[in-house]
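>>> Based on what follows, work out the 3D shape:
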Amino acid sequence: MTEVSPELHERLDREWLELLNEIRVLLPGVQVLFAFLLAVPFAIGFEDVTELQRDLYAVSLMGALASILCLVAPTTHHRIRWRKRDKEFMLHVANRSVIAGSAFLALSMSAAIFLVGDYLYSLWIAVLATGIAAVAFTLLWFGLPLARRIADDDR
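All right, here's what the predicted structure looks like:
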């Protein structure tokens, strides 16, 4: 491990706190979704779902699980590497982990929208609602910040 300057140390601490605050925003929502999805198979009427709906349920459940795994990983990593002067590496790994966790959350929520839309209304309403949700996730969560990043890199 190399020693870091006090300025870099302060910046890394600030960036780590920002990241943890972002995780605090995402994690409760995905945990509630995951808990709901765990209860769904035990609900009356679940035995009546189609094979497609059952498959989408599984996609949604596994997406929520993957999201939780990715969003909790940075804090566990931090605890294991505590006081090892490895914060810059941890930030790079945690950043990727949170982005992956957000992508899995978008997948899980999109699959859940499809499942509910198909179960309550029709296949076409489910497709439309899921398409709108997927486009919104893609543009707002990933497209807009990536476009801004590319524009910044071009300057």
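>>> Please count neighbours and contacts with C-alpha atoms only from this point.
Will do.
>>> For the residue positioned nearest the centre of the chain, which non-adjacent residue is closest in space?
By Cα atoms, centre = their mean, the chain has its centre lying nearest to S102, at 2.3 Å. Once flanking residues are discounted, S102 sits nearest to S67: 6.6 Å by Cα to Cα, 6 or more residues apart in numbering.
>>> what's the burial count for the one you found?
Counted with other Cα atoms under 10 Å, the neighbours of S67 add up to 29.
>>> Low-confidence bits of this structure, can you list those?
Segments of the chain classed as low confidence (criterion: pLDDT under 70) are 1-2.
>>> change it to 50
Using pLDDT under 50 as the threshold, the predicted model of the chain has no low-confidence range.
>>> just the helices in this structure please.
Ranges of helices within the chain are 6-39, 51-80, 87-120, 123-136, 144-154, based on DSSP state H.
>>> from the ones you listed, which stretch is densest packed?
Comparing the helices of the chain on average neighbours per residue, with mean count of other Cα atoms under 10 Å, the densest one is helix 87-120 at a mean of 21.
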